[in-house]
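>>> Attaching a predicted model along with its sequence, questions to come.
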Amino acid sequence: MTDAAVAKLMTYTFPGNIRELENVVESAACTASAAVIDADDVMLPLETDRPWHVDEVIVGDFWESVARPYSERLITKNQVEHLIRQGLERTGGSYKKMLPLFRIQESDYKRFMDFLRRHNCNIDFRGYRRK
């Protein structure tokens, strides 16, 4: 592990416990592009006590920025729901219009909705519809 990777790990408090740190390091080891883990390989959990904004979270696409970290337990269901609520607010309650916001291909709409249903993160859109 490079000094830069260690420095990046030191910036996060790991409020969960040692397992949270282990998960981050294991994930970095599995996805590292080289034999040594670098800072770019370290994906820190997003802190739950600070406001989330779609623009800063969706760096690549939804699958890389949200779905994968969620499945690896690096982010929580509440964090995913918060992003979905922001998307619904921005799109006037349209999941379909959220696709470009979350950088999801139109052909992946059903996959996106299935992900939300499967993880019980689908928010009722009706309260966000503009009248």
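Right, received. Where do you want to start?
>>> Which helix or strand lies directly C-terminal to the helix or strand bottoming out on mean pLDDT in the chain?
Lowest by mean pLDDT, DSSP states H and E among the helices and strands of the chain is helix 54-57, with a mean of 60. Following helix 54-57 in sequence order, the next helix or strand is helix 62 (DSSP states H and E).
>>> Which strands or helices does that next one pack on?
If contacts are counted by 3 or more C-beta pairs under 8 Å, 6 or more residues apart in numbering; DSSP states H and E, helix 62 sits against no helix or strand. The way it works is simple: take the backbone N, C-alpha and C, and place the C-beta from them, glycine included.
>>> mean confidence score for that helix?
Averaging pLDDT along helix 62 gives 89.
>>> and it, how far out from the chain's middle?
Chain-centre distance of helix 62: 7 Å, with C-alpha atoms, centre = their mean, to the nearest Å.
>>> Could you pull up the mean pLDDT of the helix or strand containing residue 82?
Residue 82 belongs to helix 77-91 when elements are defined using DSSP H and E. Mean per-residue pLDDT for helix 77-91: 89.
>>> For the helix or strand just after that helix, list every residue counted as buried.
Per DSSP H and E, the first helix or strand lying C-terminal to helix 77-91 is helix 98-101. Neighbour-count burial for helix 98-101, counted by 16 or more other C-beta atoms under 10 Å, picks out 98-99, 101.
>>> which helices and strands sit right next to helix 98-101?
helix 77-91.
>>> CA atoms only: put the helix it packs on into CSV for me.
The C-alpha trace of helix 77-91 is given here as CSV (Å, rounded to 0.1, in the frame of the first residue of the first chain):
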residue,chain,number,x,y,z
LYS,A,77,-29.7,2.2,2.4
ASN,A,78,-30.4,5.7,3.8
GLN,A,79,-27.7,7.2,1.7
VAL,A,80,-29.1,5.6,-1.5
GLU,A,81,-32.6,6.7,-0.6
HIS,A,82,-31.3,10.3,0.0
LEU,A,83,-29.8,10.3,-3.5
ILE,A,84,-33.1,9.0,-5.0
ARG,A,85,-35.1,11.7,-3.2
GLN,A,86,-32.7,14.3,-4.6
GLY,A,87,-33.2,12.8,-8.1
LEU,A,88,-37.0,12.9,-7.7
GLU,A,89,-36.9,16.5,-6.5
ARG,A,90,-34.8,17.6,-9.5
THR,A,91,-36.9,15.7,-12.0
